[in-house]
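Undergrad: coords below, sequence missing:
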Ligand code: FPP
């Protein structure tokens, strides 16, 4: 399946640089997001091919809601088109991008219309009866601090007056059964987490590439994985 030395079980992707990709071509920012959506789908295919078991993509953060209304609408309509089209694309896709792939959404879904929530539920049902090779989590209207606060509030509501443990929080995250990311890749040269998987990223390795997200390719993914495989992960202990 792969000639790579050590493949991470879970990779998080901070898909950055869509706007700069478009501006550098004299195009409106929304074109960058369109190209970014294609790159997302290509990267899902590459993760599947390389034997990654979990991949989380940061598509829309709670903070992105402060962007101009037109840009938010462009991003949401891009998502709606993706959702409407995915089942047709699955049938015609020679690369078999979604075969044995499960898609889940993490984030605050209450922000979305009923129609969009139904589209999300339909996509989440994809391959429900199949053996799953890759689980893709799309972070949509997601914020890491918000996720932790929600988990704490849920615990307090269920267990008034009790002290909580780390496990109590982990068990109340959006996707508690998904293991924490081993590697987080951010494109466009930035080196911040920007509220992405704050709780889960405690021991993740971070990799930054100058490539803008729409140009991110399987070659770039392989380079990130090669860099990851050369790191010594200590999880707070000492090197063996
Ligand atoms: C950051 O680039 C990217 C986003 C805020 C949106 C990411 C969304 C996608 C790639 C589309 C995903 C689509 C689906 C269907 C899951 P930026 O706009 O901040 O770029 P800039 O920093 O260069 O301005």
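TA: Perfect, thanks for sending it. Because the structure is a prediction, the values reported are computed rather than measured.
Undergrad: now residue 103, what's its secondary structure?
TA: strand (DSSP: H, G, I helix; E, B strand; the rest coil).
Undergrad: ok, now how distant is the residue nearest the centre of the chain from residue 216?
TA: Of all residues in the chain, the one closest to the mean position by Cα atoms, centre = their mean is residue 57, 1.5 Å from it. According to Cβ to Cβ, to the nearest Å, residue 57 stands 11 Å off from residue 216. Any C-beta I mention is one placed from the backbone N, CA and C, and that applies to glycine too.
Undergrad: lowest-pLDDT helix or strand in the protein?
TA: Taking mean pLDDT, DSSP states H and E as the measure, helix 69-92 is the helix or strand of the chain with the lowest mean score, a mean of 90.
Undergrad: Going by neighbour count, which residues of that helix are buried?
TA: Within helix 69-92, the residues scored as buried using 16 or more other Cβ atoms under 10 Å are 74-76, 78-79, 82-83, 86.
Undergrad: how long is stretch 161-176 end to end?
TA: In stretch 161-176, first residue to last residue: 23 Å (Cα to Cα, to the nearest Å).
Undergrad: Just give me how far it sits from the chain centre.
TA: Offset of stretch 161-176 from its chain centre (Cα atoms, centre = their mean, to the nearest Å): 21 Å.
Undergrad: One more: stretch 66-76?
TA: That offset, for stretch 66-76, works out to 19 Å (Cα atoms, centre = their mean).
Undergrad: Residues touching it, excluding its own?
TA: With Cβ atoms under 8 Å, 6 or more residues apart in numbering as the test, stretch 66-76 has contacts from 29-30, 33, 59-60, 64-65, 116.
Undergrad: Recalculate using a threshold of 10 Å.
TA: Defining contact as Cβ atoms under 10 Å, 6 or more residues apart in numbering, one finds that stretch 66-76 is touched by 18-19, 28-34, 36-37, 59-61, 64-65, 111-113, 116, 140-141.
Undergrad: Which of the buried residues of helix 69-92 sits closest to the ligand?
TA: Checking the buried residues of helix 69-92 against the ligand by Cβ to the nearest ligand atom gives residue 82 as the nearest, at 3.7 Å.
Undergrad: How about the contacts made by the nearest residue to that closest one once chain neighbours are set aside?
TA: Closest residue to residue 82 apart from its sequence neighbours, by Cβ to Cβ, 6 or more residues apart in numbering: residue 37 at 5.9 Å. Going by Cβ under 10 Å, 6+ apart, residue 37 touches 15, 18, 59, 75, 78-79, 81-82, 213-214.
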